[in-house]
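[1] Provided below are the primary sequence and the corresponding predicted coordinates.
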Amino acid sequence: QVQLVESGGGLVQAGGSLRLSCAASGRTFNRNAMGWFRQTPGKEREFVAAISWTGGMVSYADFVKGRFTVSRDNAKNTVNLQMNSLKPEDTAVYYCAARTLSWPISQATHDYNYWGQGTQVTVSS
């Protein structure tokens, strides 16, 4: 079992930055591929970024490429999402997720076995 807790969300003006963190606990965290997803009311949860357990492979949704960076520190059991140049359309609840597999990384929600409770990100115009 893996427990995930997100933090770092909040209110920011357009063009600003936030850094989300996901703290993981439980068995063998450093062997889990990890992902970040987001969801707004009435919409499906959508993929944002993913990272392999070594950090050597990453993937981003097209709408965040060049603005967001995913990273992990297995020694600290954390996964981070640095979000720069934020836009009002980035407003959503952001979720951290873990696979039971270390690889490959995935953009599909159904490939993730563990989810955090989410953290709200609000970008004002």
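    Ah, there it is.
[2] going forward, measure contacts between C-alpha atoms and count neighbours the same way
    Will do.
[3] just the strands in this structure please.
    Assigned by DSSP state E, the strands in the chain fall at 2-7, 10-13, 18-26, 34-39, 46-51, 58-60, 68-73, 78-83, 92-98, 114-115, 119-124.
[4] ok, the spatially closest residue to E6 that is not a sequence neighbour to M57 distance?
    Excluding the flanking residues, the one nearest E6 by Cα to Cα, 6 or more residues apart in numbering is C22, at 4.3 Å. According to Cα to Cα, to the nearest Å, C22 stands 18 Å off from M57.
[5] who's more crowded, those two?
    Between C22 and M57, C22 has the larger neighbour count (other Cα atoms under 10 Å), namely 25 against 13.
[6] which residues touch R45?
    Neighbouring residues of R45 by Cα atoms under 8 Å, 6 or more residues apart in numbering: 37-39, 109.
[7] got JSON lines for those, with pLDDT and neighbour count too?
    Below are these laid out as JSON lines (pLDDT from 0 to 100; neighbours: other Cα atoms under 10 Å):
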{"residue": "F37", "pLDDT": "98", "neighbour count": "22"}
{"residue": "R38", "pLDDT": "98", "neighbour count": "22"}
{"residue": "Q39", "pLDDT": "98", "neighbour count": "18"}
{"residue": "T109", "pLDDT": "97", "neighbour count": "17"}
